[in-house]
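[1] Take a look and give me a structure for this.
(one chain, ligands or ions: 1)
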Amino acid sequence: MTDIDALVVMVNSLVKEKALTSLQKKITKEEERKYLKNLLKEIKNNESITFVIDFDGRTVGSCGISKNNSIIRNHIGDIGIVLCLEARGQGLGEKLFRKVIEKGIKKFKFKIIQLDVFSENKPAINFYKKVGFEMIGTIKKGGLHFSKQKDMSIMVKYL
Ligand SMILES: CC(C)(COP(=O)(O)OP(=O)(O)OC[C@H]1O[C@@H](n2cnc3c(N)ncnc32)[C@H](O)[C@@H]1OP(=O)(O)O)[C@@H](O)C(=O)NCCC(=O)NCCS
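    Down below sits the predicted model:
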């Protein structure tokens, strides 16, 4: 909760940038508080792990992995990562992502990690390939980016 102001700034900077993520609406501190409360509950219940990158009191990146609640998909982790613009391209994303995967494997014994990404998000797709993800397929017009339908790619990493 002490990161709340910094998180609001980071999320809203990604919205402003129209980054190819699910963060598409500016949030208020109250909305972030609700989101964090829920996330902290998941963490306490051993359903999720989140790490953030803190730089000089500013949160410049966040990555989370969570357990799927379905009994048939309990061995699969869902992962997501965002870094704000000025923190990218310096190897920080890779360090953060690998750390979260390592913790997720230890804690949840995942066998597969999966994610979806807008197909036009080439830097992210390149990034995921570098850390061992493979492309499974594309859902045509499967995601909304500021109300516009765009193709979504599904990627997985087998462990
Ligand atoms: C995708 C993202 C997490 C990558 O983090 P990062 O810190 O910028 O990436 P790194 O500096 O650790 O780079 C690791 C590798 O990713 C790939 N990569 C990173 N940025 C890239 C770019 N702009 N173009 C092509 N490949 C890129 C490269 O393979 C790179 O390895 P290299 O430096 O040896 O060439 C970050 O750019 C980001 O948050 N983007 C905006 C939000 C987003 O799109 N999130 C993903 C939503 S699905």
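[2] what residue is smack in the middle of the protein?
    residue 80 (1.7 Å; Cα atoms, centre = their mean).
[3] Check which helices and strands the helix or strand where that one lies sits against.
    Using DSSP states H and E, residue 80 sits within strand 76-83. Contact analysis of strand 76-83 by 3 or more Cβ pairs under 8 Å, 6 or more residues apart in numbering; DSSP states H and E lists strand 58-67, helix 92-108, strand 112-118 as its packing neighbours. (Glycine included, C-beta is placed from N, CA and C.)
[4] Briefly note if that strand comes near the ligand.
    Yes - applying Cβ under 6 Å from any ligand atom, one finds strand 76-83 touching the ligand at 81-83.
[5] Using TSV, lay out the residues you listed together with pLDDT and distance to residue 150.
    Output for the residues of strand 76-83 next to the ligand, formatted as TSV (pLDDT from 0 to 100; distance: Cβ to Cβ, whole Å):
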residue	pLDDT	distance to residue 150
81	98	19
82	98	17
83	98	21
